[in-house]
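In: just to be clear, the model below is a prediction. Sequence and coordinates:
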Amino acid sequence: MTNRTCLVDGVCEVTLETSDPAGLEAFYTSALGLEVLSREGGRTWLACGPRARMGLWTPGEKEFGDRGGRHVHFALSVSPGALDSVCARLRELGVEFRGPVEHPGGDRSLYCEDPAGNVLELWDFFERAQRPDPVNALAGSDG
């Protein structure tokens with residue numbers, strides 16, 4: 001890994017396309033406790049931690065010509081020790097998942113699909129006080 005200064009400070013926004021925004025909203029609010037920020041013109045915005053949001057967009061062009069699209073995989077950050085609570089909540093809701101999977105360095109993830117078929121990873125990597133080397137951690141992970 002090079003010694004370059006990182007020019008980004010994290011993820012601000014992830015947008016998912018869905019023909020059922022109410023169903024996808026219900027999943028993320030009930031399974032993970034995300035809060036609704038707003039609903040406007042085919043878009044729902046959910047708070048995803050203190051500095052990020054998740055958009056649930058209906059199909060079709062939006063004001064800047066951008067569209068949603070099928071995401072293969074994305075990961076949300078979870079505090080260390082919280083994955084067991086997330087597992088319990090997903091079991092309670094009948095959501096199938098894989099994990100927690102332990103990666104080199106001790107960080108853990110679990111994987112599930114949301115109701116729209118997006119693969120969601122819940123990962124405690126970025127919340128660890130002493131992060132493992134990201135190159136080696138990512139090489140050994142599914143995400």
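Out: On my side now, so go ahead. Residues are numbered from 1 along each chain as shown.
In: how is the chain carved up into domains?
Out: Taking automatic domain parsing as the reference, the chain has its domains at 11-59, 70-143.
In: got any ranges where the chain has weak pLDDT?
Out: 1-3, 5-10, 62-72, 126-143 (pLDDT under 70).
In: ranges for the helices of it?
Out: Remark: helices assigned in the chain by DSSP state H are 21-32, 83-93, 134-139.
In: ok, and what's touching the longest one?
Out: This means helix 21-32. The contact list for helix 21-32 (Cβ atoms under 8 Å, 6 or more residues apart in numbering) reads 16, 18, 34-36, 39, 42-44, 46, 54, 56-58, 76, 86, 89-90, 93, 95, 114-116, 122. Quick note: C-beta positions are derived from backbone N, CA and C, even for glycine.
In: one step back: return the most buried member of the helices of the chain.
Out: helix 21-32 (a mean of 17; mean count of other Cβ atoms under 10 Å).
In: now the angle from that helix to helix 83-93?
Out: Angle between the axes of helix 21-32 and helix 83-93 is 130 degrees (criterion: axes from the mean of the first three to the mean of the last three Cα atoms, to 10 degrees).
In: just to revisit the earlier point, right, and the domains of the chain - which one's nearest R4?
Out: domain 70-143 (12.9 Å; Cβ to Cβ).
In: same list (the domains of the chain) but as JSON lines, adding distance to R4.
Out: Below are the domains of the chain laid out as JSON lines (distance: least, Cβ to Cβ, whole Å):
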{"stretch": "domain 11-59", "distance to R4": "19"}
{"stretch": "domain 70-143", "distance to R4": "13"}
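In: thinking again about what came up before, possible to save the helices of the chain as CSV with distance to L110?
Out: Below are these laid out as CSV (distance: least, Cβ to Cβ, whole Å):
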stretch, distance to L110
helix 21-32, 12
helix 83-93, 6
helix 134-139, 16
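In: circling back: got a ChimeraX select line for the buried ones in the contacts of helix 21-32?
Out: Of the contacts of helix 21-32, the buried ones can be selected in ChimeraX as follows, counting by 16 or more other Cβ atoms under 10 Å:
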select :16,18,34,44,46,54,56,57,76,86,90,95,114,116,122
